[in-house]
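> After the sequence you'll find the predicted model.
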Amino acid sequence: MASSTNEVARPNVVPHVEWLAARNEFLIKEKEFTRLRDELSRQRRALPWEKVEKHYEFDSTRGKITLADLFDGRSQLIVYHFMFGSDWEEGCKSCSFWADNFNGIPIHLNHRDVTFTAVSRAPLAKINAYKKRMGWSFPWVSSHGSDFNFDYHVSFTPEEIAAGKAYYNYEVRPISASDEQGISVFYKNERGEVFHTYSCHGRGIDMVNGAYQFLDLVPKVAMRTASNSRWSGYAGTISIE
């Protein structure tokens, strides 16, 4: 079923000269926003790091690998925390929407000293089957049996699920599933030391969804829901904060 949309507001149709004047006036605001976004990105890069002291292992098509191995010879690593719980039969439909947007880009990141991978708690066999079904090519490993997802606050314990609340997106909030989505960034220096530099969740991951950026250009206000005939089963959740 297609995503529903609100009706477009009654349009203000004007002659071209008035349209151009309004567009140029709005362009001033767009340029200001671009400069503010650039400054925000600069400040994000300047945030302090924390050293990763814990040893993490993942199941991959290459066998058991460590967090340091995930860098694959590069100094920067982006992890997409894909919602796919250990007992689920398929991945979250919302994360699948995001995956349709980032599938195919890892090669471009690789040429810029960045490695990309998705990580889920589901066993590798389930991940590989779902990845094949969806026709994706991006790297995807399993943290099944590891504390990785719990330590980066995208998976929750049975006690937290029973209580209906857990620490997510930097505060204790209500939860309705065992796993949530997010992005974490890591850096590895020449000595092989790994540092956690950034993580974002909820609406913080909107910026990497190309479809959303296009939808923001059109006159109708699109409902930001994931819907595609390839997806079924678990509905997933997206925080709007």
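Good, I have the coordinates.
> And the helix or strand bottoming out on mean pLDDT in the chain, what's buried?
Least confident helix or strand of the chain, by mean pLDDT, DSSP states H and E, is helix 210-215 with a mean of 93. For helix 210-215, a neighbour-count test (16 or more other Cβ atoms under 10 Å) marks 212, 215 as buried. Every C-beta, even on glycine, is put in place using the N, C-alpha and C of the backbone.
> same for it, what does it pack against?
When contacts are defined as 3 or more Cβ pairs under 8 Å, 6 or more residues apart in numbering; DSSP states H and E, helix 210-215 sits against helix 93-102.
> list the helices and strands the next helix or strand along the chain from the helix it packs on packs on?
Once helix 93-102 ends, the next helix or strand along the chain (criterion: DSSP states H and E) is helix 106-110. With contacts taken as 3+ Cβ pairs under 8 Å, 6+ apart, helix 106-110 sits against strand 114-120.
> distance between the longest helix belonging to the chain and the chain's centre?
Counting by DSSP state H, the longest helix found in the chain is helix 16-45. Using Cα atoms, centre = their mean, to the nearest Å, the mean C-alpha position of helix 16-45 is found 25 Å from that of the whole chain.
> Surely residue 136 is in contact with residue 103?
Yes - using Cβ atoms under 8 Å, residue 136 makes contact with residue 103 at a distance of 4.8 Å.
> mind giving me the domain split of the chain?
As assigned by automatic domain parsing, the chain contains the domains 16-44, 49-210.
> Which positions within the first one qualify as buried?
Pointing back at domain 16-44 there. Neighbour counts over domain 16-44 (16+ other Cβ under 10 Å) mark no residue as buried.
> How many residues are close by residue 126?
Using other Cβ atoms under 10 Å, residue 126 has 21 neighbouring residues.
> which residues touch it?
84, 88-90 (Cβ atoms under 8 Å, 6 or more residues apart in numbering).
> do the same with residue 24
By Cβ under 8 Å, 6+ apart, no residues touch residue 24.
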